[in-house]
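Trainee: Pasted the sequence and its predicted model underneath.
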Amino acid sequence: MPQIAWLRSLGATAATALLLGAAPAAQAGTLPVAPGGNITAAYNAAQPGDVIELACGSYGAWDSPDGGTKQITVKAATRNCAKFPRLHAKSSNITFDGIDIDAGGGRRTAAARRVPRSRRGAI
């Protein structure tokens, strides 16, 4: 009789493994936004791991939602083709990738002051 109990246990374990292995893996989604589109609405609709992909063009200044904690990426469809005069990340866990931030068109202003080398990072 102990062999039957062991076989039943093995069968239940194998069935569980098959069910878990057949489950589709969660995939990150991509939410496209065109210039003039609502980036905040895309952020609010995003699930953790999603990518907000910005089409090439000029966007206005953007402040991410205050206190947001979703792990998302905001990226340009083509590197440095999505342009902002200012970005303010009020949310944590946002990664910006390939975004061009030009706070003053090359003129030195309070918004475009020099960042010390130790605090620079790739955006």
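Mentor: Thanks, I have it. Because the structure is predicted, anything quoted here is derived from the model rather than measured.
Trainee: Name the SS class of residue 42, please.
Mentor: Recorded secondary structure, residue 42: helix (DSSP: H, G, I helix; E, B strand; the rest coil).
Trainee: Give me the buried stretch members for stretch 29-46, please.
Mentor: 31, 33, 37, 39, 42-43, 46 (16 or more other Cβ atoms under 10 Å). (Glycine included, C-beta is placed from N, CA and C.)
Trainee: Could I get the full set of strands for this protein?
Mentor: Secondary structure of the chain (DSSP state E): strands at 30-33, 51-54, 57-58, 62-63, 72-76, 82-84, 87-88, 94-97, 99-101.
Trainee: Need these in TSV (columns: mean pLDDT).
Mentor: Formatted as TSV, those follow (pLDDT from 0 to 100):
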stretch	mean pLDDT
strand 30-33	97
strand 51-54	97
strand 57-58	96
strand 62-63	94
strand 72-76	96
strand 82-84	94
strand 87-88	89
strand 94-97	94
strand 99-101	92
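Trainee: list the buried ones in stretch 94-101?
Mentor: 94, 96, 98-99, 101.
Trainee: What is the end-to-end distance of it?
Mentor: The first residue of stretch 94-101 is 16 Å away from its last residue (Cα to Cα, to the nearest Å).
Trainee: quick one: low-confidence parts of this structure?
Mentor: 1-27, 104-123 (pLDDT under 70).
Trainee: Mind doing that once more with 80?
Mentor: 1-28, 103-123 (pLDDT under 80).
Trainee: Pull the most distant pair out of the buried residues of stretch 29-46.
Mentor: Greatest spacing in those, by Cβ to Cβ: 37 and 46 (13.6 Å).
Trainee: Could you pull up the contacting residues of residue 76?
Mentor: Counting by Cβ atoms under 8 Å, 6 or more residues apart in numbering, residue 76 makes contact with 53-54, 56, 82, 97-100.
Trainee: Can you lay out these as TSV showing distance to residue 75?
Mentor: Shown next, in TSV, are those (distance: Cβ to Cβ, whole Å):
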residue	distance to residue 75
53	6
54	7
56	12
82	8
97	4
98	5
99	7
100	12
